[in-house]
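Chemist: Need a 3D model of the following:
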Amino acid sequence: MDIWMTLCREKAWNRHDYTKYDRFITYLKEQKVQLTSAPQGHPMKDASGKPVETYTIKLDKATIDKIRLFT
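Modeler: The predicted model follows:
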């Protein structure tokens with residue numbers, strides 16, 4: 001979530017937009033970024049009221065570049 005919140009600040013997006021967050025996670029998976037499920041939930045909820053899934057991501061330059069390319 002920290003990565004998502006930082007990206008939203010950089011791009012002036014609403015960090016509570018769960019639809020865009022879901023697209024972001026899908027994008028990362030398509031880019032073959034390794035996502036590890038985080039054991040704790042997050043207070044952000046999806047349309048059904050369920051907490052959104054959260055992940056840990058190992059950051060390196062290539063991964064950061066992929067993250068910043070998300071639109």
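
Chemist: for the protein, what spans make up the strands?
Modeler: Using DSSP state E, the strands of the chain run over residues 35-37, 55-57.

Chemist: So which of those strands has the densest surroundings on average?
Modeler: strand 55-57 (a mean of 15; mean count of other Cβ atoms under 10 Å). (Glycine included, C-beta is placed from N, CA and C.)

Chemist: roughly how far is it from the heart of the chain?
Modeler: 9 Å (Cα atoms, centre = their mean, to the nearest Å).

Chemist: mean confidence for that strand?
Modeler: Averaging pLDDT along strand 55-57 gives 89.

Chemist: partners of that strand in the sheet?
Modeler: strand 35-37 (antiparallel) (DSSP bridges).

Chemist: quick one: the partner strand to chain centroid distance?
Modeler: 11 Å.

Chemist: wait, doesn't Ile67 sit right on Leu7?
Modeler: Yes: using Cβ atoms under 8 Å, Ile67 is in contact with Leu7, at 6.2 Å.

Chemist: Mind checking which of these two has more residues around it?
Modeler: Ile67 (20 against 17; other Cβ atoms under 10 Å).

Chemist: ok, now which ones touch the more buried one?
Modeler: Ile3, Leu7, Leu28, Val33 (Cβ atoms under 8 Å, 6 or more residues apart in numbering).
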